[in-house]
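> here's my sequence, what's the structure:
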Amino acid sequence: MNQPQDKIEGTPLIRPSSTDHPLYEQVVEACRTVYDPEIPVNIFDLGLVYTVDINAENEVEVLMTLTAPGCPVAGEMPGWVSDAIEPLAGVKQVNVAMTFDPPWGMEMMSDEAKLELGFM
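This next block holds a predicted model:
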């Protein structure tokens, strides 16, 4: 499925998350409180959150996408995510960036999301 222009050899399409950071699970749970208004599943389980990067100063960077570039909430969704994460104890700063590379696909959904939407 990966075409040569999509990937430089050995470089992942999506930067890995800071899964070993003490705040990671709390940030993920905060992301799970944000829903795509058109789909009754949270954005994390939908696979819209590509990367949660938390540095040593507890600054959180989230790289996310939308189900489609023309999504009506494209301008609002990053703010919703930021608003969900900022109140967490210990979080110094939040930056949410949007990307459409790689494009979102249904294979990015968690099994729970697929089950919820009747795809399993």
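> where in the chain is pLDDT low?
Of all residues in the chain, those with pLDDT under 70 make up the ranges 1-12.
> show me where it has helices.
Secondary structure of the chain (DSSP state H): helices located at 24-31, 43-46, 77-85, 111-116.
> quick check: which of the ones you listed is nearest to residue 58?
Evaluated over the helices of the chain, closeness to residue 58 peaks at helix 24-31, with 10.0 Å, by CB to CB. For glycine as for every other residue, the C-beta is placed from the backbone atoms N, C-alpha and C.
> which residues sit against the closest one?
Residues outside helix 24-31 that contact it (CB atoms under 8 Å, 6 or more residues apart in numbering): 17-18, 42-44, 49, 52, 54, 60, 62, 81, 84-85, 88, 91.
> for residue 72, state which of the residues you listed is nearest.
Closest approach to residue 72 among those (CB to CB): residue 43, at 14.7 Å.
> contact partners for the closest residue to that closest one other than its chain neighbours?
Using CB to CB, 6 or more residues apart in numbering and skipping residues adjacent in sequence, the residue nearest residue 43 is residue 34, 5.0 Å away. If a contact means CB under 8 Å, 6+ apart, then residue 34 has 42, 43, 44, 77, 80, 81, 84 as its contacts.
> between the helices of the chain, which one is closest to residue 104.
Closest among the helices of the chain, once you apply CB to CB, is helix 43-46, at 8.0 Å.
> so what secondary structure elements neighbour that closest one?
Based on contacts counted as 3 or more CB pairs under 8 Å, 6 or more residues apart in numbering; DSSP states H and E, the elements that helix 43-46 packs against are helix 24-31, helix 111-116.
> relative to residue 120, how far out is the residue nearest to residue 43?
Here the distance between residue 34 and residue 120 works out to 23 Å (CB to CB, to the nearest Å).
> same check, this time on residue 68
According to CB to CB, residue 68 and residue 120 sit 22 Å apart.
> correct me, but residue 62 touches residue 48?
No. At 10.0 Å, residue 62 does not count as touching residue 48 under the criterion of CB atoms under 8 Å.
> center of the chain, which residue is that?
For the chain, the residue whose C-alpha lies nearest the mean C-alpha position (CA atoms, centre = their mean) is residue 49; its distance is 0.8 Å.
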